[in-house]
Structures are given as C-alpha cells and as structure tokens.
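A.B. asks: coords please:
(one chain, ligands or ions: 1)
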Amino acid sequence: MGLRGKIRDIPDFPKKGIVFKDITPLLRDKDAFREAIDALARRYEGDSVDVILGAEARGFVIGGALAYKLGVGFVPARKPGKLPHNVTKAEYELEYGMDSLEMHQDAIEPGDKVLIVDDVLATGGTASAKVDLVEKMGGKVAGVAFLIELTFLNGREKLKGYDVFSLIQY
Ligand code: AMP
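C.D. replies: Sure, this is the predicted structure:
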C-alpha cells in the first residue's frame, strides 16, 4: 500500500520527544485519500453501523468521508464550549497532555451502533473517552477505527473488549 509514503513524520511536534504523524499529504492526494477511505469502508461494509462518531478536527475529515461512503450519519465530538446544544463531557489523558471532549446529549439514541473513527491511535485515551461518551448515552460501540496505529504505545490495551482496527501500523 502506498499510503505510508503520504504520512509525514514531524519530530518534536507539538512537544519535544513526540513524532507527529502528519496526514495532510495523504488528505491532499485524491487517490490516497480515496484509497484510505475505501479500505476503511471495506472493513465495515455489511456490519450494522448506525452512525459514525469523529472528534475534531481530523476525525471530522475521515469520519465524514467514511460516513458518506457507508451511507450512515455522522456525529461530532468537540472541544469544550464549541457545541451549541446540551452536552455530555468526558475528560482524558493525551500522549502530550490532558484534554476533554463534548457531545450533544441527543446525538446518540439508546441502542445505536456507533463506529468511532480517528486518524491516530496513540495511547488510546481519546478513543476510550469516546467509548465512555457513547456508552453513557446508551449507544453500543460497533468498532473503533484508525488510519494509523502507534503500536509501541499499546493503545489497544485501553480498548480491550472492543473491535479495534487500523489501516497502517508503526
Ligand atoms: P491518544 O489519546 O493518545 O490515543 O491520542 C490520539 C489523539 O491524539 C488522536 O486524535 C491523534 O490525532 C492525536 N495524536 C496523538 N499522538 C499523535 C501523533 N504521534 N501523531 C499524530 N497525532 C497524534
């Protein structure tokens, strides 16, 4: 797969010691972007997914395209204070700091099968916060999908018991 060549390593961003996986070259290339979304879609075609959940900002791009391809809806998770309606909040630890995410309280109906999508699985903190949000609202996690998995950070450990998939591993 040629996708690896479209992912740029940025050393010491946003902090010293972190090698940031920059996916903007992949998104900029129409063939690579399509290949990545199609490969993710093939993994979930035929699964019963009701809705995709993605967090800003890269989770919107990948999650939105994948939702369109799978013919399902999309719900956003956002940084605090961005969503206009009543929200549910989850806090989590990042590879490089603390953060929190909010979702609209009515974004997920009880019983909805939710596919959580993001660009990078690092420590798994962000993804497990999204799992918590989905389950708080009575949804079921259909899977957790990533473009990239940083296997040396063992993010999967935090997502034990869930169906975790990544296209590219480092
Ligand atoms: P984590 O919660 O540690 O799994 O971090 C995942 C989130 O942080 C994802 O939304 C990524 O976009 C971002 N992230 C963490 N580490 C990196 C990295 N090395 N390169 C690019 N994005 C990262």
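
A.B. asks: close to the ligand: what parts of this protein are there?
C.D. replies: 18-21, 58, 94-95, 118-127, 155 (Cβ under 6 Å from any ligand atom). Heads up, the C-betas are built off the backbone N, CA and C, glycines and all.

A.B. asks: what sits against the residue positioned nearest the centre of the chain?
C.D. replies: Residue closest to the mean C-alpha point of the chain, counted by Cα atoms, centre = their mean, is D118 at 1.8 Å. Shown in contact with D118 (Cβ atoms under 8 Å, 6 or more residues apart in numbering): 54-55, 58-59, 62-63, 126-127, 130, 145-147.

A.B. asks: which of those residues sits closest to the ligand?
C.D. replies: Nearest to the ligand among these, counting by Cβ to the nearest ligand atom, is T126 at 3.3 Å.

A.B. asks: now, which of the residues of the chain next to the ligand lie within helices?
C.D. replies: 58, 125-127, 155 (DSSP state H).

A.B. asks: now the strands: where do they sit in this protein?
C.D. replies: 8-11, 19-22, 51-55, 73-77, 87-94, 97-104, 113-121, 140-149, 164-169 (DSSP state E).

A.B. asks: hmm, back to that, which of the residues of the chain next to the ligand count as buried?
C.D. replies: By neighbour count, with 16 or more other Cβ atoms under 10 Å, the residues of the chain next to the ligand hold 20-21, 58, 95, 118-127, 155 as buried.

A.B. asks: least confident pick among those?
C.D. replies: Lowest in pLDDT among these is E95, which has 62.

A.B. asks: now for the residue nearest to Y92 when sequence neighbours are not counted: which residues touch it?
C.D. replies: Spatial nearest neighbour of Y92, chain neighbours left out: A129 (3.7 Å); criterion: Cβ to Cβ, 6 or more residues apart in numbering. Taking Cβ under 8 Å, 6+ apart, we find A129 in contact with 90-92, 100-101.

A.B. asks: ok, so of those, who is nearest the ligand?
C.D. replies: The ligand has its nearest neighbour among those in Y92, at 6.4 Å by Cβ to the nearest ligand atom.
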